[in-house]
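> Build me a model from this:
(3 chains)
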Amino acid sequence: MTTATAPPGRAGRTAGPARRGPRAGARGTRGEQVAGYAFISPFFLVFAVFGLFPLLFTFWVSLHDWDLLGTRSWVGLGNYSALLEDEDFWNALVNTLGIFVLSTVPQLLVALALAQLLNQRLRARTLWRMGVLLPNITSIAAVGIIFTLLFARDFGLVNWLLGHVGVDPITWQEHRWSSWLAISTMVDWRWTGYNALIFLAALQAVPRELYEAAQIDGASAVSQFRHITVPMLRPTIVFATLVATIGGIQLFTEPLLFNSGANAITGGTTRQFQTLTMYLYEQAFTGQEFGYASTVAWMMFLVILVVAVANALLLRRLRGVG
Amino acid sequence: MTSDRPRRPARTAAVLGLILTSAAAFAGCGGAEGADGGGDTTLRVAIFGDFGYEKLYDQFEAEHPGVTIVETSEGDLGKYNTALTQKIAAGSAPGDVVAIEEGQVVNFLASADKFVNFQDHGSNDRKDQWLPWKYEQATTADGSDTIGLGTDVGGMAMCYRRDLFEKAGLPTDRTEVGALWPTWEEFTKVGEQFQDGIGSDDVHFIDSATNTYNSILMQSADETYFDPDGELVIDSNPAVKEAWDTALGMSEAGISARLKSFSTEWTAGFKSGSFATVACPAWMTNNIKENAGPEGEGLWDITTVPGGGGNWGGSFLAVPTSSDHQDLAVELVDFLTSAEGQLGAFEATGNLPSNPTLYDTPELQQATNPYFNDAPTGQLFVAGARNLQPVYLGAKNQPVRDAVENAMRSVENGDTSPGDGWDAAVEDAEKAAG
Amino acid sequence: MTAQLERVEPAVVRRPEAPAPARPRRRLGVSPTVVVLALVTVVSAFPLYFMVVMASRPNGDITSVPPPLTPGGDLWTNLDRVLSNADVGFGRAVVNSLLVSGVATVCVVLFSCLAGFAFAKLRFVGRQPLLGFVLLTMMVPVQLGLIPLYMLMTKLHLVGTLPAVTLPFVVSGFGVFLMRQFVVQAVPDELLEAARLDGASILQTFWYVVLPVLRPAAAVLALLTFMERWNDFLWPYLVLDLDHPTVQTALSRLAGGYYTDQALVMAGTLLGVLPLLVVFLLFGRQIVGGIMEGGIKS
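Now for the predicted structure:
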């Protein structure tokens, strides 16, 4: 598998992700060090000015019982221990993880497949490629209206279709499973194209000869996908998974839109689809609990970290396969 | 490959350089614009919805040469409240004059120092310009700081669909209809009658139990979830449980359309006729008119609400201390909330004034709303507002109210039993009260 | 492996026609790829189409049951109303948005390529921890950070100005990470080695050798960044004043009043989307590789 499909000219490199190369492990030259720091300095400089203060401030606030418009008092880690015993927090966590798994896995797979399709030499290529980004430029308000109309109890398209196969009208917002499903659909609709384009860019760096050679060898499309696309794209897959993880756990807009009307932020009458960010927002702006909300924010950071590490371990094992 | 390498980076470099230079240029001139020219002053007014002040602004500008008033209105009250809160918390404000809705004013009282104290500008001398409880709502507990002056009050009436009533065999004349339901028990009975008469699963009597619940609650007592000491009394205040039981009783009787207020389905319900009545304060008449559209004209009418009166909503105008034109802004607020101003607003939008001296004026007594079959809106809403007793809400009213409404909806939808629903409501209320 | 080699013979024998892509050729006149892509495009574009429908009909139509699916006749009227609305100041808003999004995009792409390259290929002390730090910064939710950021802008006297919505966004952890992964994937060490042997400095290597390779990823990053900056609403809404509107804050002026004229809002949103579509088409063309095709012939 490895040597037979190695591309010509890439002696010494496997079809897997490129590792550091012949000088791996050694420190760079003086020039390299200087260049390294110089090249990363714009990011760190701007971050130091505009990014650091909000982060530190939010952490500082989380150590207080801080009324958004009023008084504050120090509680140390009291908010954090309260949060761990907070049923609504755990509920939001379950909802978030549930929607995350439901939406992210199909999304990334479909995005990868879509990227492969878009990589073909088709006519009007640019139009197809830009077409998949249209969900991201459609106004949020319009998206909200459309999905509400799709999943409405009485006149929604989905219930109407289901009615034809004998299913009673479902109040999609009412139950956990149905709201998760509907929201995942929304999320997938919006973000699959986004990820597809990222994968498409990555595919540009995969030489066509690899695919052509595999075709000559008689490999099927699926086989090419598994043995060329996925390994070659591994760094990008790692990237997309992490970004999707962060986005998925910070999910806010789609579930909020799904709950149009009063009390939208509670994610349903029994919080059946309230995500962590919605809970954060509710605490901050309805409950005026700035301190507690900041605690939720930092707890989310920990959750993302844990899930990201879990993803990384999972992907590491994937490389071992094939 | 080698031929176009030197060309492309050079061109890219040129483009980049151009953009970065212009970036530096516009970064430098960032603060230069926006300064008022000469002696002209611009007053920024930030509101939500429509307060009907256009003509009043013209009048003020005419009387104050050199002053221009610019109004920004946010259609979504939730968005407005969040942005206002964020800005005040960060030490700024969306305008020189800001509107504060009744439900939010209690929060802003906690940071009263961020607003101009109207008492410093003689507001106490003009206290009779407002219903007493309205003035108190925007004053701190110790009575020394008034951060907002009242604009309108919601009042309360019952809006109903004449055509649906007719179909169900009920009277349609508003006096007759009002006489059908002096109490909420009778209202429920009428509802059952309606449901039998209309004979359709798609049409219900009320839009939701929660809307009705709020109307009942706000009529019934001096306090709702909190007592004036700030204690949570949701389980000890009988008014709450009674309102809860009455409203859910309607749901159990099958007369509720079980919709969520201001959701897309609720909005669509006005046109499609999913419900025949909706508790409506003065400001909601505009919502109904817009939601039901021109084809709905004449189908809706207004009559008295069971229980006699009530209040839902109403606003205040405040001047944040971050404003550069505080004195002028205070003057504008005084004008807009004066009798003249409130009358002008009423004529423009139908928002009910909070100034009791206006209630007997011919303008209010004879005001009618053509969309609602020429219903005497002035009289109807005034009657409700005049009899109103002040209701103490408490700082955490909003989150507690949200929790209770959610629990009620859950019972309405059949997800929870009424008993469990009540327990959940109390539990969530305790949590929300923090 | 040997099994594969053995399969070559019968495969060659069995495939008499030209080495075309392994897809059934033009049996129905259109390939399955196109069918799938057409479906995807329809599903992606439908809400945009629905926006056109909503923008071209009177306001109340949207909540009719069943909802309308065909455009009405009011589109031009509504578009005109948006453009001539003085409160909105659409022209100025577009210019501002172009400036803000353009500057942010150029900076993000440039700085992300630099940092991405450094993290991928240059060896300096603390490289991995610093990269880890970049990733960590992406993980904290930003909603509450708006308030301290606002306080910061007040201190810097930037409240209400365009730099307030640009400067915090001229770098992006997302961009750095994206480019770093792409460099790892697409820039072989041999390429850098060859440049070094040719006597190029690191900067020259970056500029003349690496950057061209990064074009597809840079194009996608540019696209996504521009789009994100263009669509940003919450922060500009909070920090900008009426003299410095962006397209999104300007459009929100349309949604005022007691009831929202949804048709007008949709018309405004459509207008706001047009420049994005132009940018899409411009950058979309750049998402092609080909520079590395064939690899380095050793």
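> rest of the way, CA atoms for contacts and neighbours
OK.
> C:Trp207: how many residues sit nearby?
18 (other CA atoms under 10 Å in any protein chain shown).
> Please tell me the pLDDT value assigned to it.
On pLDDT, C:Trp207 comes in at 91.
> From chain A, how far off is it?
Separation of C:Trp207 from chain A (CA to the nearest CA, to the nearest Å) stands at 12 Å.
> mind checking the SS state of that residue?
Following DSSP: H, G, I helix; E, B strand; the rest coil, we place C:Trp207 in the helix state.
> how much space between it and chain B?
Relative to chain B, and taking CA to the nearest CA, C:Trp207 is found at 7 Å.
> Distance-wise, check that residue relative to C:Ala200.
From C:Trp207 across to C:Ala200, the span is 10 Å (CA to CA, to the nearest Å).
> ditto for C:Ala218
From C:Ala218 to C:Ala200 the distance is 23 Å (CA to CA).
> And those two? Which one has more around it.
C:Ala218 (27 against 16).
> these two touch, right, the more buried one and C:Val109?
Yes. In this structure, C:Ala218 is within contact of C:Val109 by CA atoms under 8 Å, at 6.2 Å.
> Can you tell me the centre-most residue of chain C?
C:Leu224 (1.4 Å; CA atoms, centre = their mean).
> Number of residues surrounding the residue lying closest to that one once chain neighbours are set aside?
Leaving out its chain neighbours, the residue that sits closest to C:Leu224 by CA to CA, 6 or more residues apart in numbering or on different chains is A:Tyr194, at 8.0 Å. Other residues within reach of A:Tyr194, judged by other CA under 10 Å, total 21.
> And for B:Ile255?
28.
> Next: C:Leu211.
Neighbours around C:Leu211, by other CA under 10 Å: 19.
> List the contacts of B:Ala403.
B:425, B:428-429, B:432 (CA atoms under 8 Å, 6 or more residues apart in numbering or on different chains).
> Now do the helix or strand harbouring C:Arg92: which elements does it pack against?
Per DSSP states H and E: C:Arg92 is located in helix C:90-121. Applying 3 or more CA pairs under 8 Å, 6 or more residues apart in numbering or on different chains; DSSP states H and E, we find helix C:90-121 packed against helix A:30-46, helix B:7-28, helix C:75-83, helix C:127-137, helix C:162-166, helix C:173-186, helix C:215-231, helix C:247-252.
> could I get these as CSV with mean pLDDT?
Output for those, formatted as CSV (pLDDT from 0 to 100):
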stretch, mean pLDDT
helix A:30-46, 92
helix B:7-28, 53
helix C:75-83, 87
helix C:127-137, 93
helix C:162-166, 93
helix C:173-186, 93
helix C:215-231, 92
helix C:247-252, 87
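> Tell me which of those helices lies nearest to B:Ala209.
Closest to B:Ala209 of the helices and strands packed on helix C:90-121, according to CA to CA: helix C:247-252, at 32.7 Å.
> The closest one near chain B at all?
Yes. Residues of helix C:247-252 contacting chain B under CA under 8 Å from any CA of the partner chain: C:Ser252.
> Any idea how far that helix is from the middle of the chain?
Offset of helix C:247-252 from its chain centre (CA atoms, centre = their mean, to the nearest Å): 20 Å.
> and what of stretch C:146-160?
For stretch C:146-160, the distance to the chain centre is 27 Å (CA atoms, centre = their mean).
> residues of it that come out buried?
C:146-154, C:158-160 (16 or more other CA atoms under 10 Å in any protein chain shown).
> Check stretch B:283-296 too.
Buried, per 16+ other CA under 10 Å, within stretch B:283-296: B:283-293, B:296.
> Which members of those residues are the farthest-apart pair?
Longest span within the buried residues of stretch B:283-296, CA to CA: B:Trp283 and B:Gly296, 17.6 Å.
> What pLDDT does the model give C:Val8?
34.
> repeat for A:Arg20
Confidence score, pLDDT, at A:Arg20: 46.
> same deal with B:Glu347?
86.
> which residues touch the helix or strand hosting it?
Taking DSSP H and E as the criterion, B:Glu347 maps to helix B:339-349. With contact meaning CA under 8 Å, 6+ apart, helix B:339-349 is reached by B:50-53, B:55-56, B:129, B:151-152, B:283, B:286, B:335-336, B:351-355, B:357-358.
> Heading C-terminal from the helix or strand where A:Met278 lies, find the next helix or strand.
Assigned by DSSP H and E, A:Met278 belongs to helix A:276-281. Remark: after helix A:276-281, the chain's next helix or strand is helix A:290-320, criterion DSSP H and E.
> What angle do helix C:127-137 and that next one make with each other?
Computed by axes from the mean of the first three to the mean of the last three CA atoms, to 10 degrees, the angle separating helix A:290-320 from helix C:127-137 equals 130 degrees.
> where do the strands sit along the stretch 51-200 of chain A?
Assigned by DSSP state E, counting those that start in this stretch, the strands in the stretch 51-200 of chain A fall at A:64-66, A:72-74.
> separation between A:Asp154 and B:Arg258?
12 Å.
> quick one: which of these two has more around it?
B:Arg258 (20 against 15).
> OK, contacts around the more buried one?
Counted by CA under 8 Å, 6+ apart, B:Arg258 has contacts B:207-209, B:251, B:409, B:412-413.
> Give me the subset of these that lies in strands.
Judged by DSSP state E, the contacts of B:Arg258 include no members of strands.
> quick check, nearest of these to B:Trp266?
Looking across those and measuring by CA to CA, the closest to B:Trp266 is B:Asp207, at 7.6 Å.
> So what does the closest one look like in phi/psi?
Backbone torsions of B:Asp207, given as degrees, to the nearest 10, read phi -80, psi -40.
> what's it in contact with, if anything?
B:256-261, B:266, B:274-278.
> I'd like those residues as a markdown table, with secondary structure and pLDDT appended.
Output for those, formatted as a markdown table (DSSP: H, G, I helix; E, B strand; the rest coil; pLDDT from 0 to 100):
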| residue | secondary structure | pLDDT |
| --- | --- | --- |
| B:Ser256 | strand | 91 |
| B:Ala257 | coil | 90 |
| B:Arg258 | coil | 88 |
| B:Leu259 | coil | 87 |
| B:Lys260 | coil | 84 |
| B:Ser261 | coil | 83 |
| B:Trp266 | helix | 86 |
| B:Ser274 | coil | 89 |
| B:Phe275 | strand | 93 |
| B:Ala276 | strand | 92 |
| B:Thr277 | strand | 93 |
| B:Val278 | strand | 92 |
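> still on that earlier bit, helices - which of the buried residues of stretch B:283-296 land there?
The helices, defined by DSSP state H, take in B:284-292 from those.
> Output these in TSV, with pLDDT appended to each entry.
Shown next, in TSV, are these (pLDDT from 0 to 100):
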residue	pLDDT
B:Met284	86
B:Thr285	86
B:Asn286	82
B:Asn287	82
B:Ile288	88
B:Lys289	86
B:Glu290	80
B:Asn291	82
B:Ala292	86
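> if we take those residues, which one ends up nearest to B:Asp402?
So of these, ranked by how close each gets to B:Asp402 (CA to CA), first place is B:Met284, at 19.8 Å.
> what residues are up against B:Asp235?
Counting by CA under 8 Å, 6+ apart, B:Asp235 has contacts B:241, B:426.
> Next, give phi and psi for it.
phi -90, psi -10.
> mind checking how far it is from A:Glu87?
21 Å.
> Pick out the residue of the stretch 151-300 of chain B closest to chain C.
B:Ala268 (5.0 Å; CA to the nearest CA).
> Any idea how many residues pack against that residue?
20.
> That one sits in which helix or strand?
With DSSP H and E as criterion, B:Ala268 is part of helix B:264-272.
> Skipping adjacent residues, who's closest to B:Leu380 in space?
Per CA to CA, 6+ apart, closest to B:Leu380 is B:Thr304, 6.5 Å.
> I'd assumed B:Gly178 was in contact with the one you found.
Yes. Under the criterion of CA under 8 Å, B:Thr304 makes contact with B:Gly178 at 5.3 Å.
> For the most centrally placed residue in chain B, give me its contacts.
Against the mean C-alpha coordinate of chain B, by CA atoms, centre = their mean, the closest residue is B:Gly313 at 4.5 Å. By CA under 8 Å, 6+ apart, B:Gly313 lies in contact with B:101-103, B:153-155, B:281.
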